[in-house]
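*Asks:* just the structure for this:
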Amino acid sequence: MPSSESLYFLVGYFYFSGFELICEQLADKKLKILVGMNIERDLSNKIKEYFVIGESESSRLKVKQDYYSSLVEAFNETDFFDSAEKINSFELFLNKLKDGSMEIRKTAEANHAKMYLFEHSKEHSQGGRLPGTMITGSSNLSISGLKTRHEINVILYDKFTAGKEIFDSLWEDAIDIASQENIEEFTEYVVKKTWYKKLYSPYLFYMRVLDEYFSYAQAGTVMLPARITDGKYFNLQYQTDAIKKALKIISEHSGVLISDVVGLGKSIIASAVAYNLRKKVIIIAPPHLNDQWDKEYRVNFDLNAVVFGSGSIHKALEFKETYHPNEEFLIIVDEAHKYRNEFTDDYMLLHRLCQGNKVMLLSATPFNNRPQDVFAMIKLFQIPSKSTIRTVTNLSFHFTSAIREYKDIHNKRRKQQIKEAELNERVKELASQIRLILEPVVIRRSRLDLEKIESYRKDLEKQNIRYVFAEPPTILDYPLGELEGQYLSTLKQISDKDKITDIECLVPEEDACFIGTRYKPVNYIINLDEFLAEVKNEHADVDSIQIAQTNLATLMQKLLVGRFESSLNAFKITLESMIYSMESVREYYHKLKRVPIFKKGALPEVDQLLEDIAEDTLVDIDSYPFDEELKKEYEKGLVFIPVEKLMPSYIKHLDHDIALLRRIHQSWFKDGIKKDPKLETFKTEITRQLKEDPKRKIIVFSEYADTARYIYQSISKDTKLRAIFYSSGESPAIRRVIKTNFDASVPKENQKDDYDIVISTDALSEGVNLNRAGTVFNYDIPYNPTRVIQRVGRINRIGTMLFEKLYIYNYFPTDIGEGHVRIKEISTLKKTMIDLLLGEDTRVLTDNEQLISYFHEQYNEALLAQESESWDAKYINEYNIMISRQRELLKKARAIEHRSKMRRSETKDKSGVLVFGKKGQDFTFRLATSPEESLALTPQEALELFQASKEEKPQEVSAGFDGLYQNAKANLYISQKT
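*Replies:* Residues are numbered from 1 along each chain as shown. Have a look, this model is predicted:
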């Protein structure tokens with residue numbers, strides 16, 4: 001090539017990679033390329049010539065147009081040109097066309113020949129005897145043809161003239177594709193249609209990203225609730241958007257998590273999605289919601305569905321595997337947060353049921369406790385090793401990292417080893433990490449969104465549909481009066497850290513507090529290692545067994561305090577139950593000469609067990625079978641400790657605990673339940689409220705069925721207070737009575753007015769409309785704020801609203817009591833994580849749900865009011881304005897070519913190269929801060945950086961751009977944590 005001045009290439013396949021390989025040597029050469037095929041992309045995103053059979057019949061103009069279109073597509077839709085090095089080659093390509101030193105033509109007919117002619121310069125032609133060289137063979141003009149692939153070619157020095165005659169003959173009849181003569185046409189139809197040297201304004205970039213991100217709302221036509229149900233349900237814009245988005249997410253990811261806040265119609269959205277999918281449906285729902293799904297949604301939305309209770313997942317699986325083993329179903333799981341523990345039988349069955357099917361999970365609070373809870377739910381429709389969620393490369397690794405971080409935060413908080421500011425920052429960062437993963441598969445709207453997103457607000461106003469926000473909770477205190485001394489004395493006897501008795505102490509001090517001996521017999525074994533060997537449990541860890549049984553004792557202490565705070569009746573029942581249990585163990589000791597323990601000593605952490613129990617709204621905590629459940633969970637059956645293997649102190653300590661609880665019981669309940677200041681205050685309050693506003697019905701929730709029944713029995717004696725009681729054990733008929741008396745969606749002619757008050761456990765806190773009530777009383781506070789959110793959601797429903805304000809009243813444990821049950825720190829941690837991950841528009845615990853001093857500050861100081869709109873609300877408003885008022889600009893934004901680039905003139909709080917990528921319906925954002933470093937951004941973070949004004953001007957990218965850009969692009973679907 002160095003000895004040549006002109007080159008003539010006849011090629012079957014022309015790859016730009018081949019031109020790039022030799023372009024530097026072509027700078028001062030004249031080049032004619034005669035192409036036999038049309039340029040297209042192959043599967044590896046390279047440019048090649050490709051002959052389409054029948055093309056010879058195409059017009060010469062169409063051949064040229066197809067060539068141009070193929071080159072534009074290759075430029076914009078492949079990664080080949082997308083680097084500074086490749087652009088340098090393209091610029092040489094373009095400049096040679098402009099200066100006339102290169103021409104490209106397309107043969108009139110298909111030609112697969114490969115012939116390379118090198119016309120020598122005068123000084124290298126050996127006096128005209130060697131005018132040139134011809135190479136012919138199998139090599140195309142490509143990097144593989146010229147360099148890497150094994151090709152056979154022949155160099156002929158005496159055939160140049162003959163070859164040149166053939167080339168000239170073909171050239172004469174060929175179609176002019178690109179040359180100096182048609183450079184304007186080439187520029188117009190190729191160069192101007194690529195991203196090359198295009199500078200679009202930052203605002204157009206911003207519009208384009210918004211359009212890509214929110215275009216689900218502009219998706220194709222789907223059947224909506226009003227049409228599906230013949231007008232029984234409304235078409236609400238926020239639900240319409242959710243339906244469209246859910247269909248796209250399910251198509252892309254096989255599942256979706258619908259987590260609109262309580263009362264916004266998750267079931268309606270799910271039913272409409274199911275109708276549009278037109279698949280057979282299996283619905284898993286809590287038993288108390290079965291009728292609603294089976295008799296309302298299934299019928300009204302014309303679903304080919306079978307409804308199974310949450311305790312009958314095995315039946316659902318049997319039904320599917322027996323009758324439809326190979327058919328893809330849609331599995332709808334209502335209250336999906338109940339299936340967050342992947343080690344339970346129900347979860348394993350549900351996981352089997354969901355495999356190979358489409359899945360819709362419904363939960364107002366999917367982030368219930370820990371990152372592993374979220375992971376468990378996502379795994380119902382995602383295989384971690386083959387995840388379609390492309391916000392991270394390794395789903396398991398990312399969640400494992402989040403789980404590890406959560407545990408570290410949790411442990412440091414408990415041990416008070418972390419400062420408030422650092423704690424706050426780490427919790428926010430953890431929430432951000434999980435949100436990054438969830439973003440592609442979660443749909444969530446809050447009431448605040450319906451107010452802040454203009455299109456939603458106007459739609460609801462137009463349809464005369466109202467919603468209100470609950471007022472900040474009012475804390476109800478009750479004076480202890482003459483019982484204050486007895487109250488403090490009781491708490492001291494139950495759990496006084498200064499009066500803990502040593503295990504080996506034979507005689508406890510007279511004022512020693514509750515020891516919990518019955519719940520930790522392993523701690524009293526003289527030689528634990530020897531005993532474990534005898535029962536063939538050599539794999540158990542001695543320390544963990546001792547700690548676990550101590551935890552069980554602490555659990556019972558906390559349960560006792562919690563019941564005491566709830567009501568005197570609940571406290572009485574628990575005391576009697578514990579005394580009976582201890583006396584039974586004492587009988588074992590004296591009569592059978594042995595003491596029962598669980599077969600394995602490894603018991604769950606106390607606080608976690610309490611929280612897990614509290615999650616199950618179908619089980620009243622006061623009747624929860626602790627022993628039976630623990631035995632079942634840790635390999636059924638009992639192991640007995642012979643009394644001779646126990647320290648002498650064991651029976652002394654057990655006798656002490658029995659005597660102590662008997663004294664407490666005697667002091668409180670010798671003559672039945674004495675004056676109950678909490679109950680009296682409550683009765684006075686609800687009597688006053690009903691007198692002032694008789695139409696404002698009241699819902700009263702208690703953690704414990706014993707307490708709820710106690711309240712009901714007391715106030716039902718007052719004929720002016722028309723109350724009805726409900727717990728998990730009540731019949732469906734009672735539930736129907738409650739519906740007709742408290743559900744505003746019941747047709748007017750079917751509504752009743754026989755009751756003003758419902759007193760219930762949390763069995764009534766899910767899936768029920770109670771919006772004829774305007775007040776919720778939390779008689780005792782639950783551990784998990786999820787409960788409170790669900791409770792308030794019963795009266796805060798979208799649609800018919802009877803009251804301008806909704807009220808929440810909380811009975812908080814007293815300062816001393818809350819120190820024992822740790823409600824404050826548990827609720828604050830979990831509620832804050834819920835807020836940060838999902839946004840929450842309800843005020844349910846007290847005035848602020850920020851992580852402020854988990855364990856030392858007063859409850860009132862720890863929580864301030866926070867209503868958070870979804871992060872994307874403001875962007876949706878901007879996008880809707882663009883659609884309605886800036887159509888021409890939006891049209892320009894939609895025309896921006898892929899891989900377009902520009903530099904901002906406005907300074908943001910982060911610097912680097914920001915890249916937006918899209919695969920299917922998934923989006924990802926990555927910011928490169930150096931050629932070696934880049935990090936994934938959440939959509940919220942990225943849109944803040946993309947946001948721009950119309951006035952901002954674009955600039956050419958800097959010299960250092962390409963290094964950062966290549967890093968961001970290469971790692972676009974890789975998490976910074978992997």
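
*Asks:* what packs against the strand or helix carrying residue 699?
*Replies:* Element membership for residue 699 (DSSP states H and E) is strand 697-701. Packing partners of strand 697-701 (3 or more CB pairs under 8 Å, 6 or more residues apart in numbering; DSSP states H and E): helix 677-692, helix 705-715, helix 732-742, strand 757-760, strand 773-778, helix 785-793. The way it works is simple: take the backbone N, C-alpha and C, and place the C-beta from them, glycine included.

*Asks:* mind listing what that strand pairs with, with the direction of each?
*Replies:* The strands that strand 697-701 pairs with in its sheet are strand 757-760 (parallel), strand 773-778 (parallel) (by DSSP bridges).

*Asks:* as a markdown table, the ones you listed with mean pLDDT, distance to residue 716 and mean neighbour count would be great.
*Replies:* Supplementary listing: the strands paired with strand 697-701 in a markdown table, determined by pLDDT from 0 to 100; distance: least, CB to CB, whole Å; neighbours: other CB atoms under 10 Å:
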| stretch | mean pLDDT | distance to residue 716 | mean neighbour count |
| --- | --- | --- | --- |
| strand 757-760 | 96 | 9 | 26 |
| strand 773-778 | 92 | 16 | 25 |
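
*Asks:* now do the strand holding residue 699, average pLDDT.
*Replies:* Averaging pLDDT along strand 697-701 yields 96.

*Asks:* go on, stretch 95-114?
*Replies:* Stretch 95-114 carries an average pLDDT of 89.

*Asks:* compute the first-to-last residue distance for it.
*Replies:* 25 Å (CA to CA, to the nearest Å).

*Asks:* give the contact list for the spatially closest residue to residue 349 that is not a sequence neighbour.
*Replies:* Counting by CB to CB, 6 or more residues apart in numbering, residue 349 lies nearest to residue 313, which is 4.3 Å off, once chain neighbours are set aside. Residues near residue 313 by CB atoms under 8 Å, 6 or more residues apart in numbering: 284, 346, 349, 350, 353.

*Asks:* repeat that with 6 Å
*Replies:* Residue 313 sits next to 346, 349, 350 when contact means CB atoms under 6 Å, 6 or more residues apart in numbering.

*Asks:* now do residue 937
*Replies:* By CB under 6 Å, 6+ apart, residue 937 lies in contact with 925, 927.

*Asks:* same question, the one 3 residues further on
*Replies:* With contact taken as CB under 6 Å, 6+ apart, residue 940 is in contact with residue 871.

*Asks:* residue 445 too?
*Replies:* By CB under 6 Å, 6+ apart, the contact list for residue 445 reads 238, 260.

*Asks:* what is the least confident helix or strand in the protein?
*Replies:* helix 859-862 (a mean of 30; mean pLDDT, DSSP states H and E).

*Asks:* next SSE after it?
*Replies:* The helix or strand immediately downstream of helix 859-862 is helix 873-885, counting by DSSP H and E.

*Asks:* hmm, back to that, nearest to residue 97, of the helices and strands packed on strand 697-701?
*Replies:* Set against residue 97 and scored by CB to CB, the helices and strands packed on strand 697-701 come closest in helix 785-793, at 66.4 Å.

*Asks:* what separates the following helix or strand past that closest one from the chain centre, distance-wise?
*Replies:* Per DSSP H and E, helix 785-793 leads on to strand 807-810 as the next helix or strand towards the C-terminus. Centroid separation between strand 807-810 and its chain, computed with CA atoms, centre = their mean, to the nearest Å, is 30 Å.

*Asks:* pull up the pairing partners for strand 807-810, direction included.
*Replies:* Listed by DSSP bridges, the sheet partners of strand 807-810 and their directions read strand 474-475 (parallel), strand 773-778 (parallel).

*Asks:* now the angle between helix 732-742 and the last one, please.
*Replies:* Per axes from the mean of the first three to the mean of the last three CA atoms, to 10 degrees, the angle that strand 773-778 makes with helix 732-742 is 120 degrees.

*Asks:* CA-only coordinates of strand 773-778 in CSV, if you can.
*Replies:* Extracted C-alpha coordinates of strand 773-778, given in CSV (Å, rounded to 0.1, in the frame of the first residue of the first chain):
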residue,chain,number,x,y,z
ALA,A,773,-66.2,5.8,60.7
GLY,A,774,-64.1,8.9,61.0
THR,A,775,-62.0,8.0,64.1
VAL,A,776,-59.5,5.2,64.9
PHE,A,777,-58.5,4.5,68.5
ASN,A,778,-55.3,2.5,69.0
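
*Asks:* that strand to helix 677-692, inter-axis angle?
*Replies:* Here strand 773-778 runs at an angle of 170 degrees relative to helix 677-692 (the same axes, to 10 degrees).

*Asks:* quick check: bridge partners of residue 935?
*Replies:* Counting by DSSP bridges, residue 935 is bridged to residue 927.

*Asks:* what's around it, how many residues?
*Replies:* Using other CB atoms under 10 Å as the criterion, residue 935 is surrounded by 18 other residues.

*Asks:* picking up where we left off before, do you know how far the residue nearest to residue 349 is from residue 353?
*Replies:* Per CB to CB, to the nearest Å, residue 313 is found 6 Å from residue 353.

*Asks:* try residue 476
*Replies:* 45 Å.

*Asks:* of those two, which one has the most company?
*Replies:* Using other CB under 10 Å as the criterion, residue 476 and residue 353 rank with residue 353 on top: 25 against 16.

*Asks:* pretty sure the more buried one contacts residue 317?
*Replies:* Yes. Taking contacts as CB atoms under 6 Å, residue 353 lies within contact range of residue 317: 4.9 Å.

*Asks:* ends of stretch 374-387, how far apart?
*Replies:* 15 Å.

*Asks:* quick one: contacts of that stretch?
*Replies:* With CB under 6 Å, 6+ apart as the test, stretch 374-387 has contacts from 254, 255, 336, 340, 342, 354, 359, 361, 367, 395, 396, 399.

*Asks:* now do the helices in the stretch 451-600 of the chain.
*Replies:* Using DSSP state H, counting those that start in this stretch, the helices found in the stretch 451-600 of the chain span residues 454-462, 484-494, 528-534, 542-566, 568-587.

*Asks:* and these as TSV, adding distance to residue 386 and mean pLDDT?
*Replies:* Below are those laid out as TSV (distance: least, CB to CB, whole Å; pLDDT from 0 to 100):
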stretch	distance to residue 386	mean pLDDT
helix 454-462	36	93
helix 484-494	52	78
helix 528-534	43	78
helix 542-566	36	70
helix 568-587	49	91
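
*Asks:* and the ones you listed, which is most packed in?
*Replies:* helix 542-566 (a mean of 21; mean count of other CB atoms under 10 Å).
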